[in-house]
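Novice: Turn this into a structure:
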Amino acid sequence: RSFVRYAIPLADPAGDVGTHFGESPYFAILDIDNVERKVKRQEIIANPYLGVEKGKGIKVAELLLKHKPDIVLTKESLKGRGPGYAFAEAGVETLQIQTDSLKELIDDLLRGQQLA
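Specialist: Numbers count the residues shown, from 1 in each chain. Prediction:
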């Protein structure tokens, strides 16, 4: 593939990056073309598991895995937690980021900057 697919938790549809993985109401799915350095596809999906009492992180991870991300970018570390294990088992890389907005994150990705 000539692109990388990213999944990013969002606090709102406007593109503020969410701080808690399972509690994020939205997720951005981005395809970044590595050759042309542009966004090939951008989709915002709602988190249908917000009201779930237990195991919502795993449920969200399973939902995102259906979208076949290559890399999941989060503000919080997923190491040692259910979603982190689910992504690792599926061969999906997880990186912790400090970026606050999806626009800023896209700009960084298009410039080829190291995120973590």
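Novice: Show me the helices in the chain, by range?
Specialist: Along the chain, the stretches classed as helices by DSSP state H are 56-65, 82-89, 102-110.
Novice: got those as TSV, with mean pLDDT, mean neighbour count and distance to Asp31 columns?
Specialist: Heads up, the C-betas are built off the backbone N, CA and C, glycines and all. Shown next, in TSV, are the helices of the chain (pLDDT from 0 to 100; neighbours: other Cβ atoms under 10 Å; distance: least, Cβ to Cβ, whole Å):
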stretch	mean pLDDT	mean neighbour count	distance to Asp31
helix 56-65	96	20	14
helix 82-89	97	17	18
helix 102-110	93	16	11
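Novice: and Ser24, which of those helices is closest to it?
Specialist: helix 56-65 (7.8 Å; Cβ to Cβ).
Novice: Rebuild the helices of the chain as CSV, extending it with distance to Asp12.
Specialist: Formatted as CSV, those follow (distance: least, Cβ to Cβ, whole Å):
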stretch, distance to Asp12
helix 56-65, 16
helix 82-89, 21
helix 102-110, 10
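Novice: Nearest to Arg37, out of those helices?
Specialist: Among the helices of the chain, the nearest to Arg37 by Cβ to Cβ is helix 102-110 (5.3 Å).
Novice: name the helices or strands packed onto the closest one?
Specialist: Under the contact criterion of 3 or more Cβ pairs under 8 Å, 6 or more residues apart in numbering; DSSP states H and E, helix 102-110 touches strand 3-10, strand 26-33, strand 38-46.
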